[in-house]
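**Q** here is a sequence together with a model predicted from it:
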Amino acid sequence: MPAVLDKRLTIEEFARLPEPTDGSREELRRGGVMTMPPPQSRHGLIQLQIGFLLKSVIAPKKLGWVMTETGVVIERDPDSLFGSDVVYWSIKRVPERPERYIELPPDLVVEILSPEDRKAKMREKIKEYLKSGVELAWLVDPETRMVTVYAGTMRGIELDEDETITGGNVLPEFSCKVAQFFE
């Protein structure tokens, strides 16, 4: 279960904290630091595969930036910074190579359920992403080999591994079988 510390921090203060020595991950939620266990191997493999699939479409056409394990500014005062599994920002919205946390919501966020995650908790995180202005979010479930697609609302569309997922209006150049996420 994630631990929450009492002191409320800004994103700038959070960025200056030392990295956890045990490999755990941290997020800032309304000024509080949440510590989570490091992702397991399957999570990392799927994360890399999705990032690779997206980058293979985005990079040749210079459409934008694909990143993994990247802090996403969700809100200010109180500050929230989520550690996202995979994110994409279009070059139109972020024209220069990013160096720090980007203050704009990503165009696309991908979250991968880990064994310790509860789906209801992750749906709440997706809701926060959408509220912040994220246009497209994919919630990937390795157990069921399904992806729930949220396009601006919490009315998600579930796709199984035999179906095709697309980037919709956010990234119309992208499409693949959901099964490719789990290769």
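**A** Received, thanks.
**Q** let me see the ranges of the helices in the chain.
**A** Ranges of helices in the chain, per DSSP state H, are 11-15, 41-61, 119-132.
**Q** dump those into JSON lines; add distance to residue 157 as well.
**A** Bear in mind the C-beta positions are built from the backbone N, C-alpha and C, glycine included. What follows is those, written out as JSON lines (distance: least, CB to CB, whole Å):
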{"stretch": "helix 11-15", "distance to residue 157": "32"}
{"stretch": "helix 41-61", "distance to residue 157": "17"}
{"stretch": "helix 119-132", "distance to residue 157": "13"}
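**Q** of those, which is nearest residue 141?
**A** helix 119-132 (7.5 Å; CB to CB).
**Q** chain center to the closest one, what's the gap?
**A** 10 Å (CA atoms, centre = their mean, to the nearest Å).
**Q** now for that helix, which elements pack on it?
**A** Helix 119-132 is packed against strand 64-75, strand 80-90, strand 108-112, strand 136-141, with contacts defined by 3 or more CB pairs under 8 Å, 6 or more residues apart in numbering; DSSP states H and E.
**Q** how about the ones you listed in a markdown table, adding mean neighbour count, distance to residue 161 and mean pLDDT?
**A** Listed next are the helices and strands packed on helix 119-132 as a markdown table, based on neighbours: other CB atoms under 10 Å; distance: least, CB to CB, whole Å; pLDDT from 0 to 100:
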| stretch | mean neighbour count | distance to residue 161 | mean pLDDT |
| --- | --- | --- | --- |
| strand 64-75 | 20 | 22 | 92 |
| strand 80-90 | 23 | 18 | 93 |
| strand 108-112 | 25 | 15 | 97 |
| strand 136-141 | 22 | 10 | 97 |
